[in-house]
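Q: okay, structure incoming, though there's no sequence with it:
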Ligand code: BG6
């Protein structure tokens, strides 16, 4: 469907479709509670601005916006595998959902908020990425009290069980990384993926070096403070969470990440990672949801 048809079928004063210079179709949700922007490329949310606030999300100035490339920042949907593929290293890191072109299924508006529902059918995924026979639906809504609600629903329509690991890989904008404190993961066991060891820490998480951790067996609400903002991250269908900041050397190695940008972002990801991988039986259903609340 082209932009004109999308606007005719689904558009409203609060939800508008447009085509960007890079060729992506963008969706702008704007209501009395705030605004959000997402693209059909990857069902990728790139902006969330609750009323009276600045953007909760961070996007790199060096991000690519190109077919089959992941956007650096916002909220990549990592699916159906998180990280490297277990057996085929050539397959894209963090799965193919963030690289695919999704379709609009519906738009909803009610006094509580406005949202869109996008759909990715396995037959629309290029065969080279070895799609699993799972129907995927992504809902994004801007709701009252400054909430961005995201719901990723998966239905196994195949004949065999399918293992799914995934993430809403949220890049939060922060004023200065040295002021950041992440609460809610105190004393929670984590795998430090930089050296593959397990441990836990008391007190809030502070970022003072490259950090890449998968917190396990936790359904805790998480919050982020950076001196100027307080943001809550609520999760459903997730018993794991990732905290990531590339710090100086890795930032320099990434072509789509500015050398100094590690100071302005932190990823706190609602996941189904490592031992929180879910097995979808035939006709089995799983929902991974997150709500991001700026206070
Ligand atoms: C995080 C991983 O979730 O994503 C990191 O824990 C990884 O190891 C980061 O570097 C970014 O991944 P990508 O594929 O978007 O560069």
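A: Sure, I can see it. Everything numeric in this text was worked out from a predicted model, so none of it was measured.

Q: tell me the span between the first and last residue of stretch 59-72.
A: 6 Å (Cα to Cα, to the nearest Å).

Q: pLDDT of it, averaged?
A: Computed over stretch 59-72, the mean pLDDT rounds to 98.

Q: how far is it from where the chain is centred?
A: Its chain's average C-alpha position is 14 Å from that of stretch 59-72, according to Cα atoms, centre = their mean, to the nearest Å.

Q: cool, and stretch 83-98?
A: For stretch 83-98, the distance to the chain centre is 16 Å (Cα atoms, centre = their mean).

Q: tell me the mean pLDDT for it?
A: 97.

Q: that one: which residues count as buried?
A: 83, 85, 92, 94, 95, 96, 97, 98 (16 or more other Cβ atoms under 10 Å). To be clear about C-beta, it is placed using only N, CA and C from the backbone, and glycine gets the same treatment.

Q: then stretch 181-196?
A: Applying 16+ other Cβ under 10 Å to stretch 181-196 flags 182, 183, 184, 185, 188, 190, 191, 193 as buried.

Q: quick one: the helices in the protein, in order.
A: For the chain, the helices defined by DSSP state H occupy 3-10, 247-253.

Q: before we move on, back to that, hmm, which two among the buried residues of stretch 181-196 are most spread apart?
A: Greatest spatial distance in the buried residues of stretch 181-196: 183 and 193, 21.5 Å, computed using Cβ to Cβ.

Q: what does the stretch 101-250 of the chain put close to the ligand?
A: 169, 193, 212, 242, 244 (Cβ under 6 Å from any ligand atom).

Q: taking these together, which two end up most distant?
A: Once Cβ to Cβ is applied, these give 169 and 193 as the farthest pair, at 14.0 Å.

Q: what's in contact with stretch 225-234?
A: Applying Cβ atoms under 8 Å, 6 or more residues apart in numbering, the external contacts of stretch 225-234 come out as 53, 56, 170, 172, 174-176, 179-183, 204, 221-224, 268, 270, 290-295.

Q: end to end, how far does that stretch reach?
A: 15 Å.

Q: in that stretch, which residues are buried?
A: 226, 229, 231, 232, 233, 234.

Q: ok, the residues you listed vs the ligand, which is closest?
A: The shortest approach to the ligand among those belongs to residue 233, at 14.5 Å (Cβ to the nearest ligand atom).

Q: that closest one pairs with what?
A: In this structure, residue 233 bridges to residue 222, residue 292 when assessed by DSSP bridges.

Q: can you give me the neighbour number for residue 263?
A: Neighbourhood size, residue 263 [other Cβ atoms under 10 Å]: 18.

Q: residues touching it, list them.
A: So residue 263 contacts 176, 177, 178 (Cβ under 8 Å, 6+ apart).

Q: ok, the buried residues of stretch 83-98 vs residue 276, which is closest?
A: For the buried residues of stretch 83-98, the nearest to residue 276 is residue 83 (12.6 Å; Cβ to Cβ).

Q: sorry, back to before: just the buried residues of stretch 83-98 that are near the ligand?
A: residue 94.

Q: how near is residue 256 to the ligand?
A: 8 Å (Cβ to the nearest ligand atom, to the nearest Å).

Q: one more: residue 131?
A: Counting by Cβ to the nearest ligand atom, the gap from residue 131 to the ligand is 19 Å.

Q: would you agree that residue is in contact with residue 120?
A: No: under the criterion of Cβ atoms under 8 Å, residue 131 is not in contact with residue 120, lying 9.1 Å apart.

Q: about what we covered before: can I get the helices of the chain in TSV including mean pLDDT?
A: Formatted as TSV, the helices of the chain follow (pLDDT from 0 to 100):
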stretch	mean pLDDT
helix 3-10	97
helix 247-253	98
